[in-house]
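# What follows is a predicted protein model with its sequence.
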Amino acid sequence: MSFRSYKSADEALKDLDEAYNYWSGKITETSTSFALGLIAANWAVFGSSGLTSMLLPRLSVFCALLLLLLGLIQAERMAKYHDERHQYAEQNPERWTELYESAKKAQQPDPWPYTKKIERWGVAGRYWKTWLPVIGCIFFLISFV
């Protein structure tokens, strides 16, 4: 879409939000598949004896397993934090509306309806879901040298 195709700034922001959600979802999707593929590739190339005796393949598999573990922990934490926000909103709808109005008028960025904790977990996840597979793949490729 070009600049002129948006009818309003809100429409452009909505498009930006949708694109962000799409691409951040792709990071999760791709990194999980990549981690499983990396484990399989290490197993296929080095077998069980190579994985137990060679440092670089072990580090490669470690990165993949760490990614999967952190992803599971992140999913649990995010579900908990989102549930807490949902309960908070339902307990006092008037307060929730006031917070909305306050965030709308804020002169600085406000994470509402989320929390800073939710945002931090999201950013951290984006980093490890990007870099752990990359590092694991580098270990795998270097192990051939």
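Yep, it's here.
# And the helix or strand E76 falls within, what's buried?
If you go by DSSP states H and E, E76 is part of helix 55-91. Neighbour-count burial for helix 55-91 flags 56-61, 63-64, 67-68, 71, 74, 78, 85 (criterion: 16 or more other C-beta atoms under 10 Å). Backbone N, C-alpha and C define where each C-beta goes, glycine included.
# Just put these in TSV and tack on pLDDT.
Compiled in TSV, the buried residues of helix 55-91 are given as follows (pLDDT from 0 to 100):
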residue	pLDDT
L56	96
P57	96
R58	96
L59	97
S60	97
V61	97
C63	98
A64	98
L67	98
L68	97
G71	95
Q74	97
M78	96
R85	95
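# show me where this structure has helices.
Ranges of helices within the chain are 9-53, 55-91, 93-105, 116-142, based on DSSP state H.
# helices or strands next to the second one in the packing?
Counting contacts by 3 or more C-beta pairs under 8 Å, 6 or more residues apart in numbering; DSSP states H and E, helix 55-91 packs against helix 9-53, helix 116-142.
# Helix 116-142 and that helix, what's the angle between them?
Computed by axes from the mean of the first three to the mean of the last three C-alpha atoms, to 10 degrees, the angle separating helix 55-91 from helix 116-142 equals 160 degrees.
# How about the third one?
With the same axes, to 10 degrees as the basis, helix 93-105 and helix 116-142 are set at 60 degrees to each other.
# Give me the contact list for helix 93-105.
For helix 93-105, the external contacting residues (C-beta atoms under 8 Å, 6 or more residues apart in numbering) are Y88, A89, D110, W112, P113.
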